[in-house]
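K.L.:
just the structure for this:
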Amino acid sequence: MNTRYVIITGATGGLGQAVAQHLAAQDWSLILLSRNAEKLDRIKAPKGTLRIVTDVSKPGGTSEAIEKCRAKFQRFPVALVNCAGSVLLSPMHRMDEQQYQDTIHANLDTAFNSLKEFVSACIQARVQGSAVLISSVAAQIGMANHEAISAVKAAIEGLTRSAAANYAQHGIRINAVAPGLMRTPATEQFFLSPSAVRKINMQYPLGRHGKTEDVAQAIGWLLSTEANWVTGQVISVDGGYSALRTLSRSA
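P.N.:
The predicted model follows:
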(Lines give C-alpha, C1' and ligand atoms only; values in the text may rest on other atoms or scores of the structure.)
Protein backbone atom coordinates (compact mmCIF):
# COMPACT_ATOMS: atom_id res chain seq x y z
CA MET A 1 0.00 0.00 0.00
CA ASN A 2 1.42 3.37 -1.05
CA THR A 3 0.60 5.34 2.10
CA ARG A 4 1.21 9.09 1.88
CA TYR A 5 1.85 11.03 5.08
CA VAL A 6 1.18 14.76 5.39
CA ILE A 7 2.23 17.03 8.25
CA ILE A 8 -0.37 19.62 9.22
CA THR A 9 0.76 22.29 11.67
CA GLY A 10 -1.80 24.34 13.58
CA ALA A 11 -4.01 21.29 13.37
CA THR A 12 -6.41 22.38 16.11
CA GLY A 13 -7.43 25.60 14.34
CA GLY A 14 -10.45 25.90 12.08
CA LEU A 15 -8.43 25.71 8.87
CA GLY A 16 -6.15 22.98 10.16
CA GLN A 17 -9.10 20.76 11.02
CA ALA A 18 -10.72 21.36 7.63
CA VAL A 19 -7.48 20.52 5.84
CA ALA A 20 -7.09 17.35 7.90
CA GLN A 21 -10.64 16.24 7.14
CA HIS A 22 -10.29 16.94 3.41
CA LEU A 23 -6.92 15.23 3.04
CA ALA A 24 -8.05 12.20 5.03
CA ALA A 25 -10.91 11.84 2.53
CA GLN A 26 -8.27 11.91 -0.21
CA ASP A 27 -6.50 8.93 1.43
CA TRP A 28 -3.70 10.90 3.02
CA SER A 29 -2.41 9.65 6.38
CA LEU A 30 -2.22 12.48 8.90
CA ILE A 31 0.47 13.83 11.20
CA LEU A 32 -1.22 16.54 13.26
CA LEU A 33 0.87 19.12 15.12
CA SER A 34 -0.27 21.61 17.74
CA ARG A 35 0.92 23.30 20.92
CA ASN A 36 -2.39 22.49 22.62
CA ALA A 37 -2.44 18.88 23.82
CA GLU A 38 -6.04 18.97 25.05
CA LYS A 39 -7.45 20.28 21.77
CA LEU A 40 -5.26 17.93 19.76
CA ASP A 41 -6.64 14.91 21.62
CA ARG A 42 -10.21 16.03 20.88
CA ILE A 43 -9.80 16.24 17.10
CA LYS A 44 -11.69 13.57 15.21
CA ALA A 45 -9.25 11.84 12.87
CA PRO A 46 -8.84 8.44 11.22
CA LYS A 47 -7.25 5.54 13.05
CA GLY A 48 -3.49 5.66 12.76
CA THR A 49 -3.28 9.44 12.86
CA LEU A 50 -0.10 10.63 14.57
CA ARG A 51 -0.66 13.52 17.00
CA ILE A 52 2.35 15.47 18.21
CA VAL A 53 2.39 18.30 20.74
CA THR A 54 5.08 20.72 19.60
CA ASP A 55 5.76 24.40 18.95
CA VAL A 56 6.72 24.81 15.30
CA SER A 57 7.55 28.48 15.77
CA LYS A 58 10.75 27.20 17.36
CA PRO A 59 13.48 25.21 15.58
CA GLY A 60 13.06 21.44 15.78
CA GLY A 61 9.28 21.28 16.08
CA THR A 62 8.68 19.85 12.62
CA SER A 63 11.85 17.74 12.63
CA GLU A 64 10.44 15.91 15.65
CA ALA A 65 7.31 15.02 13.69
CA ILE A 66 9.34 13.76 10.73
CA GLU A 67 11.48 11.52 12.94
CA LYS A 68 8.46 10.12 14.80
CA CYS A 69 6.78 9.29 11.48
CA ARG A 70 9.89 7.47 10.31
CA ALA A 71 10.23 5.58 13.58
CA LYS A 72 6.59 4.52 13.88
CA PHE A 73 5.60 3.89 10.27
CA GLN A 74 8.93 3.47 8.46
CA ARG A 75 7.62 6.11 6.09
CA PHE A 76 8.69 9.62 5.20
CA PRO A 77 6.13 12.47 5.15
CA VAL A 78 6.02 13.80 1.60
CA ALA A 79 3.77 16.82 2.23
CA LEU A 80 3.54 19.76 4.61
CA VAL A 81 0.72 22.23 5.21
CA ASN A 82 1.56 25.03 7.62
CA CYS A 83 -1.79 26.11 9.06
CA ALA A 84 -0.25 27.53 12.24
CA GLY A 85 -1.01 31.23 12.52
CA SER A 86 -2.89 34.00 14.24
CA VAL A 87 -5.09 36.98 13.42
CA LEU A 88 -4.27 40.47 14.66
CA LEU A 89 -6.29 43.47 13.51
CA SER A 90 -5.00 46.73 14.95
CA PRO A 91 -3.58 49.99 13.65
CA MET A 92 0.16 49.92 14.19
CA HIS A 93 0.20 53.01 16.45
CA ARG A 94 -1.96 51.11 18.96
CA MET A 95 0.01 47.88 18.74
CA ASP A 96 2.46 46.98 21.48
CA GLU A 97 5.76 45.22 20.85
CA GLN A 98 4.59 41.90 22.25
CA GLN A 99 1.58 41.78 19.91
CA TYR A 100 3.86 42.43 16.95
CA GLN A 101 6.38 39.78 17.99
CA ASP A 102 3.60 37.26 18.67
CA THR A 103 2.28 37.84 15.14
CA ILE A 104 5.72 37.17 13.67
CA HIS A 105 6.21 34.01 15.75
CA ALA A 106 2.75 32.58 15.03
CA ASN A 107 2.79 33.22 11.29
CA LEU A 108 6.24 33.77 9.79
CA ASP A 109 8.42 31.75 12.18
CA THR A 110 6.11 28.73 11.94
CA ALA A 111 6.20 28.88 8.14
CA PHE A 112 9.97 29.37 7.91
CA ASN A 113 10.96 26.74 10.48
CA SER A 114 8.49 24.12 9.26
CA LEU A 115 9.46 24.57 5.62
CA LYS A 116 13.20 24.61 6.39
CA GLU A 117 13.03 21.36 8.32
CA PHE A 118 10.74 19.71 5.77
CA VAL A 119 12.89 20.49 2.72
CA SER A 120 16.07 19.58 4.62
CA ALA A 121 14.61 16.18 5.43
CA CYS A 122 13.41 15.67 1.84
CA ILE A 123 16.88 16.39 0.49
CA GLN A 124 18.55 14.11 3.02
CA ALA A 125 16.13 11.27 2.26
CA ARG A 126 16.28 11.97 -1.50
CA VAL A 127 12.51 12.11 -1.86
CA GLN A 128 10.33 14.60 -3.64
CA GLY A 129 7.78 16.52 -1.63
CA SER A 130 5.20 19.28 -1.69
CA ALA A 131 4.47 22.07 0.78
CA VAL A 132 1.70 24.65 1.07
CA LEU A 133 1.98 27.79 3.19
CA ILE A 134 -0.85 30.13 4.18
CA SER A 135 -0.79 33.77 3.10
CA SER A 136 -3.74 36.18 3.09
CA VAL A 137 -5.61 38.56 0.84
CA ALA A 138 -4.17 41.24 3.14
CA ALA A 139 -0.71 40.61 1.66
CA GLN A 140 -1.94 41.57 -1.80
CA ILE A 141 -4.04 44.70 -1.28
CA GLY A 142 -4.01 47.46 1.29
CA MET A 143 -6.46 46.90 4.13
CA ALA A 144 -6.88 49.17 7.14
CA ASN A 145 -5.77 47.82 10.54
CA HIS A 146 -3.84 44.95 8.94
CA GLU A 147 -0.29 46.30 9.14
CA ALA A 148 1.28 43.48 11.16
CA ILE A 149 -0.56 40.60 9.53
CA SER A 150 -0.03 42.12 6.07
CA ALA A 151 3.71 42.34 6.70
CA VAL A 152 4.13 38.74 7.84
CA LYS A 153 1.87 37.29 5.15
CA ALA A 154 3.72 39.23 2.44
CA ALA A 155 6.93 37.75 3.85
CA ILE A 156 5.40 34.28 3.54
CA GLU A 157 4.67 34.93 -0.13
CA GLY A 158 8.29 35.95 -0.67
CA LEU A 159 9.43 32.85 1.20
CA THR A 160 7.22 30.68 -0.99
CA ARG A 161 8.64 31.97 -4.26
CA SER A 162 12.29 31.98 -3.18
CA ALA A 163 12.16 28.52 -1.64
CA ALA A 164 10.30 27.15 -4.68
CA ALA A 165 13.10 28.43 -6.91
CA ASN A 166 15.79 26.97 -4.68
CA TYR A 167 14.35 23.50 -4.21
CA ALA A 168 12.77 22.83 -7.60
CA GLN A 169 16.01 21.08 -8.56
CA HIS A 170 15.23 18.52 -5.85
CA GLY A 171 11.68 17.94 -7.09
CA ILE A 172 10.17 19.78 -4.12
CA ARG A 173 7.12 21.90 -4.94
CA ILE A 174 6.28 24.87 -2.71
CA ASN A 175 3.11 26.94 -3.09
CA ALA A 176 0.83 29.12 -0.98
CA VAL A 177 -2.83 29.99 -0.76
CA ALA A 178 -4.08 33.48 0.06
CA PRO A 179 -7.56 33.27 1.57
CA GLY A 180 -10.07 36.01 2.11
CA LEU A 181 -11.96 36.16 5.38
CA MET A 182 -13.02 32.69 6.53
CA ARG A 183 -15.43 32.02 9.34
CA THR A 184 -13.49 30.14 12.00
CA PRO A 185 -13.33 30.20 15.81
CA ALA A 186 -10.50 32.74 15.50
CA THR A 187 -12.63 35.12 13.40
CA GLU A 188 -16.03 34.55 15.00
CA GLN A 189 -15.80 38.01 16.59
CA PHE A 190 -16.47 39.51 13.14
CA PHE A 191 -19.71 37.52 12.65
CA LEU A 192 -21.60 38.41 15.81
CA SER A 193 -24.78 39.69 14.15
CA PRO A 194 -26.73 39.11 10.92
CA SER A 195 -25.94 42.70 9.96
CA ALA A 196 -22.21 42.11 10.34
CA VAL A 197 -22.42 38.96 8.23
CA ARG A 198 -24.31 40.82 5.48
CA LYS A 199 -21.71 43.59 5.41
CA ILE A 200 -18.89 41.09 5.14
CA ASN A 201 -20.62 39.17 2.37
CA MET A 202 -21.21 42.35 0.38
CA GLN A 203 -17.46 42.89 0.13
CA TYR A 204 -16.97 39.73 -1.92
CA PRO A 205 -17.85 39.57 -5.64
CA LEU A 206 -19.22 36.04 -5.20
CA GLY A 207 -21.52 37.29 -2.46
CA ARG A 208 -20.32 35.34 0.55
CA HIS A 209 -17.48 35.04 3.02
CA GLY A 210 -15.06 32.14 2.88
CA LYS A 211 -15.40 28.69 4.37
CA THR A 212 -12.47 26.65 5.57
CA GLU A 213 -13.55 23.94 3.13
CA ASP A 214 -12.93 26.33 0.22
CA VAL A 215 -9.29 26.71 1.19
CA ALA A 216 -8.84 23.07 2.17
CA GLN A 217 -9.92 21.97 -1.29
CA ALA A 218 -7.41 24.31 -2.94
CA ILE A 219 -4.67 22.97 -0.69
CA GLY A 220 -5.66 19.41 -1.51
CA TRP A 221 -5.32 20.15 -5.22
CA LEU A 222 -1.89 21.76 -4.77
CA LEU A 223 -0.65 18.63 -2.98
CA SER A 224 -2.13 16.27 -5.56
CA THR A 225 -0.50 14.84 -8.67
CA GLU A 226 -2.90 16.99 -10.70
CA ALA A 227 -0.74 19.98 -9.68
CA ASN A 228 2.62 18.30 -10.22
CA TRP A 229 3.75 21.06 -12.62
CA VAL A 230 2.77 23.88 -10.25
CA THR A 231 5.30 25.49 -7.93
CA GLY A 232 6.16 28.96 -6.66
CA GLN A 233 2.55 30.09 -6.93
CA VAL A 234 0.32 32.02 -4.54
CA ILE A 235 -3.28 31.01 -5.25
CA SER A 236 -5.96 33.48 -4.18
CA VAL A 237 -9.00 31.79 -2.63
CA ASP A 238 -11.02 34.88 -1.83
CA GLY A 239 -14.26 34.97 -3.78
CA GLY A 240 -12.74 37.46 -6.21
CA TYR A 241 -11.93 40.04 -3.51
CA SER A 242 -8.35 40.76 -4.56
CA ALA A 243 -8.91 40.82 -8.32
CA LEU A 244 -12.42 42.05 -9.07
CA ARG A 245 -14.52 45.18 -8.67
CA THR A 246 -18.17 44.50 -9.38
CA LEU A 247 -21.33 46.61 -9.33
CA SER A 248 -22.38 47.69 -5.84
CA ARG A 249 -24.65 45.27 -4.01
CA SER A 250 -27.78 46.32 -2.21
CA ALA A 251 -27.75 45.90 1.56
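K.L.:
use CA for all of it now, contacts and neighbours both
P.N.:
Fine.
K.L.:
so what's residue 154 up against?
P.N.:
135, 139, 140 (CA atoms under 8 Å, 6 or more residues apart in numbering).
K.L.:
which SS class is the closest residue to the last one other than its chain neighbours?
P.N.:
In space, and not counting its chain neighbours, residue 140 is closest to residue 242: 7.0 Å by CA to CA, 6 or more residues apart in numbering. Here residue 242 is recorded as coil under DSSP: H, G, I helix; E, B strand; the rest coil.
K.L.:
and if you look at the one 3 residues further on?
P.N.:
Counting by three-state DSSP, the backbone at residue 245 sits in coil.
K.L.:
distance of it from residue 139?
P.N.:
For residue 245, the distance to residue 139 (CA to CA, to the nearest Å) stands at 18 Å.
K.L.:
cool, and residue 207?
P.N.:
Counting by CA to CA, the gap from residue 207 to residue 139 is 21 Å.
K.L.:
higher neighbour count, these two?
P.N.:
Comparing residue 207 with residue 139 by other CA atoms under 10 Å, the one with more neighbours is residue 139, at 21 against 14.
K.L.:
so that one makes contact with residue 153?
P.N.:
Yes - with contact defined as CA atoms under 8 Å, residue 139 reaches residue 153; the gap is 5.5 Å.
K.L.:
I'd like to know which elements the helix or strand where residue 121 lies is packed against.
P.N.:
In this assignment (DSSP states H and E), residue 121 forms part of helix 110-125. Applying 3 or more CA pairs under 8 Å, 6 or more residues apart in numbering; DSSP states H and E, one finds that helix 110-125 contacts helix 61-73, strand 79-82, strand 129-134, helix 147-167.
K.L.:
and residue 143, helix, strand or coil?
P.N.:
Going by three-state DSSP: residue 143 is coil.
K.L.:
what's the spacing between it and residue 132?
P.N.:
Noted for residue 143: a distance of 24 Å to residue 132, by CA to CA.
K.L.:
more neighbours: the two, which one.
P.N.:
Each of residue 143 and residue 132 had its neighbours counted (other CA under 10 Å), and the higher figure belongs to residue 132 (28 against 12).
K.L.:
for residue 149, which residues are in contact?
P.N.:
Contact analysis of residue 149 by CA under 8 Å, 6+ apart lists 87, 88, 89, 103, 138, 139.
K.L.:
among those, which are located in helices?
P.N.:
With DSSP state H as the criterion, helices contain residue 103 from among the contacts of residue 149.
K.L.:
and the contacts of residue 149, which of them are buried?
P.N.:
Neighbour counting with 16 or more other CA atoms under 10 Å marks 88, 103, 138, 139 as buried within the contacts of residue 149.
K.L.:
buried set for stretch 117-129?
P.N.:
Quick answer for stretch 117-129 (16+ other CA under 10 Å): 117, 118, 119, 121, 122, 128, 129.
K.L.:
make that stretch 162-178, sorry
P.N.:
Using 16+ other CA under 10 Å as the test for burial, stretch 162-178 gives 163, 164, 167, 171, 172, 173, 174, 175, 176, 177, 178.
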